[in-house]
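Visitor: Here you go, sequence then predicted model.
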Amino acid sequence: MDENKDRKDISIVLCGAAGQGIQTVEALLTKTLKRTGYNVFATREYMSRVRGGVNSTSIRISSKPVRGFLERIDLLIPLNKEALPHLKERISSETLILGEKQFIETTPEIETHTVEIPFTELSNAVGGSIYANIISLGVILCMLKAERTILYELLKENFSSKGQEIVNNNIKAADKGYEIFEDLLNSSQISQRFEIEKNPEIVNDFILDGTQAIALGAIAGGCNFACFYPMAPSTGIGTFLAQHALEFGMIVDQTEDEISAINKTLGASYAGARSFVSTSGGGFSLMTEGVSLAGMAEIPIVMVVGQRPGPATGMPTRTCQEDIELVLHAGAGWFPRIIFSPGTIEDAFKLTQKAFNLTQKFHVPVFVLTDQYLVDSYYNIHSLDIDSLEIIKKIIRTDKNYERYCFTDSGISPRGIPGYGEGLVDADSHTHDEFGVITEDPQLRIKAVEKRFKKLDLIRKETIPPEFIGSEDFKYLVVSWGSNYYLIKEALERLERNDIGFLFFKQIYPIHESVFDYLIKAEIKISIEQNPTGQFAKLLENETHINMNHRILKFSGYVFSVEEIVERLKKIIEGN
């Protein structure tokens, strides 16, 4: 590896077993580097177990904003024997590997630059093997010219509750790491530090992950009742809201199962709460009858569905985009719905906030469809632009003649809630008349269906148009949605072609009408998504009757890398 080369983008990977403190090192590393003035991005892949196994965190540090996962590894810190075999497809001759002798002996059959550092032995002199990771942290930060005093501040913030001795030992361990790197530099085992240009404006940025962004979006949307049953990758949303419930006047309930979660959420919404439920595909499957009830009773609800590979339990901690069809068709019969698919941390916040306003306005379920990759990734952000947000309230005071389901030109009936006015507010899962009374009148059934279609017409008028990136003179049009956004955007930047456009959808249902113009104009249409059947491509084809020419699909449970998208696009372009 040529350490003399100045780099604007460094890819660092920490890999070891669950319980070894990888996430602690990751958090301290990214926070220190951000406060130093570097852009940071991190994402995790991990096994479904509390202890053991092999997990990794990939961290990018750059002079410019970086937001996507790279296959490339510049610096690797293996923390167990399984690390190198696990990452063998990502290791190259350019990879610098620093670690214990027994962990770097399993180097794949490729020439790499390995440097033995006895982290455990060195940590015993500091206070025990528990400090080995902090020593490795010091080595990395010294290599990147990060100020030691910044790390000291973070160590104090992180460990002060455990006593001054623990804080002091961690500072000693960090110092030892800095000393080790200086020794490696002086002995020419490593030729030079990584050189990255610093940006002082980044120091005031904050770091946010997808889980936090969705939870904060719910808070900003006025959510005051949230239910969840723990199911990866959405569990963190519920626990984050629970941690901050008192600050924002919320009720957060971890229920006994998903059926209880959806029904409690609907009950709270019927009573006037701005309600929210988070789950994953398997849990959502249990909730579908409740979704259907929301459609019939016109009860507002926001649902976050975090995708993971199925069927059934599948791969609980891996990523995919396999649940468009599940969410689009959930529930008996037909009723309108809205489906968002955030592609960025900022989208995750804004779309969740927007979901609360739209469900209150149209009285339909609004879904935020995300995945493990997005919720477990984070980067530095300057602002979320919260000043432009508003909380829309649509509840009316009822009179004694109130009709909850009165027929209107728009299809939207004024919404009252029990106890706010003189009217009776009924809700029922049966076909009903204007008052909510059960009926089997065929004419009322027809009017009720037409009422729902009128809503869809209004919803279409507020659909978010797809974002177009690239040259207007495109021959090739890449179409995608959700967490693929930055991966594809960076891949196209690397291709440096002026005949490719990228059409990105952050709302996947209803489809915005502008999509027709883009699809008709493109000679070659390429969809990219992480499922085996091209679910979004099929949705577009059904809505527009325009077929995709190529599908780039991945369904291994692991996210696309920027490099992989580049190579697969090249093959298509070369073949045309």
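Guide: Structure's in. What do you need?

Visitor: dump the residue contacts of the residue nearest the centre of the chain.
Guide: Nearest to the geometric centre of the chain sits residue 374, at 2.0 Å (CA atoms, centre = their mean). Neighbour list for residue 374: 210, 342, 343, 345, 348, 482, 483 [criterion: CB atoms under 8 Å, 6 or more residues apart in numbering]. For the C-beta atoms, the positions are set from N, CA and C on the backbone; glycine is no exception.

Visitor: same question, residue 456
Guide: 336, 510.

Visitor: what do you get for residue 377?
Guide: Going by CB under 8 Å, 6+ apart, the list of residues near residue 377 reads 41, 42, 43, 44, 69, 209, 210, 345, 483.

Visitor: By neighbour count, which of those residues wins?
Guide: In terms of neighbours by other CB atoms under 10 Å, the contacts of residue 377 top out with residue 483 at 31 neighbours.

Visitor: what residue ranges in the stretch 401-550 of the chain are flagged as low confidence?
Guide: The model of the stretch 401-550 of the chain has no residue with pLDDT under 70.

Visitor: For it, which segments count as helices?
Guide: 442-461, 485-495, 515-521, 535-544 (DSSP state H, counting those that start in this stretch).

Visitor: still on that earlier bit, for the contacts of residue 374, name the two members farthest from one another.
Guide: Using CB to CB, the pair of the contacts of residue 374 lying farthest apart is 345 and 482, separated by 12.9 Å.

Visitor: model confidence over the strand or helix carrying the residue nearest to the centre of the chain, on average?
Guide: Taking DSSP states H and E as the criterion, residue 374 maps to helix 372-375. Computed over helix 372-375, the mean pLDDT rounds to 98.

Visitor: quick one on the thing from earlier: find the one among the helices of the stretch 401-550 of the chain with the highest mean neighbour count.
Guide: helix 485-495 (a mean of 21; mean count of other CB atoms under 10 Å).

Visitor: Mind listing residues that contact that helix?
Guide: 66-69, 343-344, 347, 469-470, 478, 480, 500, 502, 504, 528, 559-563, 565-566, 569-570.

Visitor: that older thread, would you mind giving the contacts of residue 374 as JSON lines with secondary structure and distance to residue 332 added?
Guide: Below are these laid out as JSON lines (DSSP: H, G, I helix; E, B strand; the rest coil; distance: CB to CB, whole Å):
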{"residue": "210", "secondary structure": "helix", "distance to residue 332": "32"}
{"residue": "342", "secondary structure": "coil", "distance to residue 332": "28"}
{"residue": "343", "secondary structure": "coil", "distance to residue 332": "31"}
{"residue": "345", "secondary structure": "helix", "distance to residue 332": "35"}
{"residue": "348", "secondary structure": "helix", "distance to residue 332": "30"}
{"residue": "482", "secondary structure": "helix", "distance to residue 332": "27"}
{"residue": "483", "secondary structure": "helix", "distance to residue 332": "30"}
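
Visitor: Can I get those in CSV including distance to residue 193?
Guide: Converted to CSV, the contacts of residue 374 look like this (distance: CB to CB, whole Å):
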residue, distance to residue 193
210, 32
342, 37
343, 34
345, 30
348, 35
482, 37
483, 33
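
Visitor: of all those residues, which comes closest to residue 459?
Guide: Out of the contacts of residue 374, the member with the shortest distance to residue 459 (by CB to CB) is residue 342, at 18.4 Å.

Visitor: Return the per-residue confidence for that closest one.
Guide: pLDDT, residue 342: 99.

Visitor: Let me know whether it touches residue 368 as I believe.
Guide: Yes - the criterion here is CB atoms under 8 Å, and residue 342 meets it with residue 368 at 6.8 Å.

Visitor: which residues are common contacts for those two?
Guide: With CB under 8 Å, 6+ apart as the test, residue 342 and residue 368 both reach 214, 348, 351, 352.

Visitor: who wins for most neighbours among the residues you listed?
Guide: Most surrounded of the shared contacts of residue 342 and residue 368: other CB under 10 Å gives residue 214, at 31 neighbours.

Visitor: ok, back up a step: which residues in the helix holding residue 374 does the neighbour count mark as buried?
Guide: 372, 373, 374, 375 (16 or more other CB atoms under 10 Å).

Visitor: That one: how far from the chain's middle?
Guide: Relative to its chain's centre, helix 372-375 lies at 3 Å (CA atoms, centre = their mean, to the nearest Å).

Visitor: and after that helix, which helix or strand comes next?
Guide: Following helix 372-375 in sequence, per DSSP H and E, is strand 378-381.

Visitor: contacting residues around stretch 246-257?
Guide: Contacts of stretch 246-257 (CB under 8 Å, 6+ apart): 219, 223-230, 238, 241-242, 244-245, 261, 264, 268, 273, 286.

Visitor: Also stretch 413-422?
Guide: By CB under 8 Å, 6+ apart, stretch 413-422 touches 270-272, 298, 300, 360, 363, 394-400, 402-407, 423, 425, 434.

Visitor: List the neighbouring strands of the helix or strand containing residue 226 plus their orientation.
Guide: Assessed by DSSP H and E, residue 226 sits inside strand 225-228. Paired neighbours of strand 225-228 in the sheet (DSSP bridges): strand 251-254 (parallel), strand 275-280 (parallel).

Visitor: Many thanks, I have nothing further to ask.
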